[in-house]
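Participant: predicted model follows, preceded by the sequence.
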Amino acid sequence: MGAEVINQSKVAKRNYSLVDHINSSTLDPKAKTELLIRLTGKRRTMLNGAVFMMQNPDLLRFDDFDHALEALAGVNNEYGLGSVEVYLQREIDAVRRLSDKTLSVENKSLCLYTLQNMMLALGDYEVKEGQKSGYMPKFLQDECQMMLKAANLNMDLDRVRESVRSSAYRDKKNPTLANWDFLDSDLVKKNMESMSHNRVEEKTVVDVTPKQEGRPQVSDTRYLGRARISDATDQEVDRILGKALARFNSFNLQDNLYDFFNFVKDSFQSSSQDVEMTTDYNTLHEVVLATLQRMVEMSSAQQQRIMKQNQMGERSL
């Protein structure tokens, strides 16, 4: 995965201008351009996606994308970023509803990648000069809550994690999008509903019916394969894990997800030697989830050891 950070002079040399869009927007064109530069961090693929959405009103007006930028212009603290995420999620839903005849799979992939990464980028957005927001996107909060719930039900976390990812929007011609998986928030909600009711319903993504050995499982029809992270990312998770364990435990994660997210994000971005990796939001997403997963798995293993020791002690008496 490349971070794709490009300098502003290269942006200027492109054969498009961000300022050309927007007669209908209430934002000043220059202000809107500056917002996009700040939000994307000048990442090439995200900029391309933003420009595509602005230059193709015939496909979809992308109104919610405009509303997101307008909301972003009025943000002066991290709490205001919630409305920005809502608009970006609405735009994601609108893009997904378009048929392949209206919007090609390649362009749909570009738009969805851009919008979902913009939501992740809100955590790095400077609400004031030199002050990052620390905002944890709600769709990531929901995914973490799903993982914690699954851990409590003793489910296979790799399979649960993969059950909400879709490879349907990959673009093999684009190196950034060739292996990209879209996180489907609708599937996260369905998983949570299923786990909350502890029963199987028609079209349920996660099957929480215990097998004979009592271990819940994810339906194989939705299993996209075990989590895939690079060796470099895996090393980063191991490095961060020790520090995270000293500050958090699996019992207080649910109430401290904001602090956990920012702790992992700051640890990942500040001390890694791989600049490209630490400025890639998809990699950050995987590091956060992988760190959380290993923490709860270690806690579960420790609890099982304690229970086994207690049982052995009772038998010896």
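Facilitator: Perfect, I can see it now. Numbers count the residues shown, from 1 in each chain.

Participant: what residues does the residue nearest to Asn77 when sequence neighbours are not counted make contact with?
Facilitator: What sits nearest to Asn77 in space, not counting adjacent residues and going by CB to CB, 6 or more residues apart in numbering, is Val127, at 5.6 Å. C-betas here are computed from N, CA, C, even on glycine. Residues in contact with Val127 (CB atoms under 8 Å, 6 or more residues apart in numbering) are 75-78, 80-81, 133.

Participant: now with 7 Å?
Facilitator: Val127 makes contacts with 75-78, 133, as judged by CB atoms under 7 Å, 6 or more residues apart in numbering.

Participant: okay, and the beta partners of Arg43?
Facilitator: On the basis of DSSP bridges, Arg43 is bridged to Val5.

Participant: number of nearby residues for it?
Facilitator: Arg43 is flanked by 23 other residues according to other CB atoms under 10 Å.

Participant: and the one 5 residues further on, by the same measure?
Facilitator: Other residues lying near Asn48 total 19 when counted by other CB under 10 Å.

Participant: how much space between it and Leu153?
Facilitator: Relative to Leu153, Asn48 is positioned 41 Å away (CB to CB, to the nearest Å).

Participant: and Met136, that's in a strand?
Facilitator: No - remark: Met136 does not belong to a strand; assigned using DSSP: H, G, I helix; E, B strand; the rest coil, it is coil.

Participant: just say helix, strand or coil for the residue nearest to Asn77.
Facilitator: strand.

Participant: okay, Asn262: pLDDT?
Facilitator: If you check Asn262, the pLDDT there is 93.

Participant: that one and Ser133 touch, don't they?
Facilitator: No - using CB atoms under 7 Å, Asn262 is not in contact with Ser133; the gap is 9.6 Å.

Participant: more crowded one of those two?
Facilitator: Ser133 (20 against 17).

Participant: leaving out sequence neighbours, find the closest residue to the more buried one.
Facilitator: Of all residues not flanking Ser133 in the chain, Glu78 sits nearest, at 4.1 Å (CB to CB, 6+ apart).

Participant: and the contacts of stretch 52-72?
Facilitator: 16, 21, 25-27, 32, 35, 39, 83-84, 87-88, 90-91, 94-95, 98, 102-103, 107, 110-111.

Participant: looking at that stretch now, give me its mean pLDDT.
Facilitator: On average, stretch 52-72 scores 84.

Participant: any buried residues in it, and which?
Facilitator: Across stretch 52-72, burial judged by 16 or more other CB atoms under 10 Å covers 52-54, 59-60, 62, 64-72.

Participant: for it, output the C-alpha coordinates as PDB.
Facilitator: Output in PDB follows, covering the C-alpha atoms of stretch 52-72 (Å, rounded to 0.1, in the frame of the first residue of the first chain):
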ATOM      1  CA  PHE A  52     -14.100  12.800 -10.300                       C
ATOM      2  CA  MET A  53     -17.100  13.300  -8.000                       C
ATOM      3  CA  MET A  54     -17.000  17.100  -8.600                       C
ATOM      4  CA  GLN A  55     -16.600  16.800 -12.400                       C
ATOM      5  CA  ASN A  56     -19.300  14.300 -13.000                       C
ATOM      6  CA  PRO A  57     -22.600  15.800 -11.800                       C
ATOM      7  CA  ASP A  58     -24.400  14.000 -14.700                       C
ATOM      8  CA  LEU A  59     -23.800  10.600 -13.000                       C
ATOM      9  CA  LEU A  60     -24.800  11.800  -9.500                       C
ATOM     10  CA  ARG A  61     -25.000  15.300  -8.100                       C
ATOM     11  CA  PHE A  62     -22.900  14.200  -5.100                       C
ATOM     12  CA  ASP A  63     -24.900  16.600  -3.000                       C
ATOM     13  CA  ASP A  64     -23.900  15.000   0.300                       C
ATOM     14  CA  PHE A  65     -20.300  15.200  -0.600                       C
ATOM     15  CA  ASP A  66     -20.800  19.000  -1.000                       C
ATOM     16  CA  HIS A  67     -22.700  19.100   2.200                       C
ATOM     17  CA  ALA A  68     -19.800  17.300   4.000                       C
ATOM     18  CA  LEU A  69     -17.400  19.900   2.800                       C
ATOM     19  CA  GLU A  70     -19.700  22.700   3.800                       C
ATOM     20  CA  ALA A  71     -20.100  21.200   7.300                       C
ATOM     21  CA  LEU A  72     -16.300  20.800   7.500                       C
END
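
Participant: next one: it to chain centre, how far?
Facilitator: Put simply, stretch 52-72 sits 21 Å off its chain's centre (CA atoms, centre = their mean, to the nearest Å).

Participant: now swap in stretch 109-122 and tell me
Facilitator: 9 Å.

Participant: low pLDDT regions in the protein?
Facilitator: The chain contains residues with pLDDT under 70 at 1-26, 29, 198-232, 271-279, 301-317.

Participant: strands of that one, start to end?
Facilitator: Taking DSSP state E as the test, the strands found in the chain are 126-128, 131-132, 165-166, 182-183.

Participant: out of those strands, which is closest to Leu245?
Facilitator: Leu245 lies closest, by CB to CB, to one member of these: strand 131-132, at 24.6 Å.
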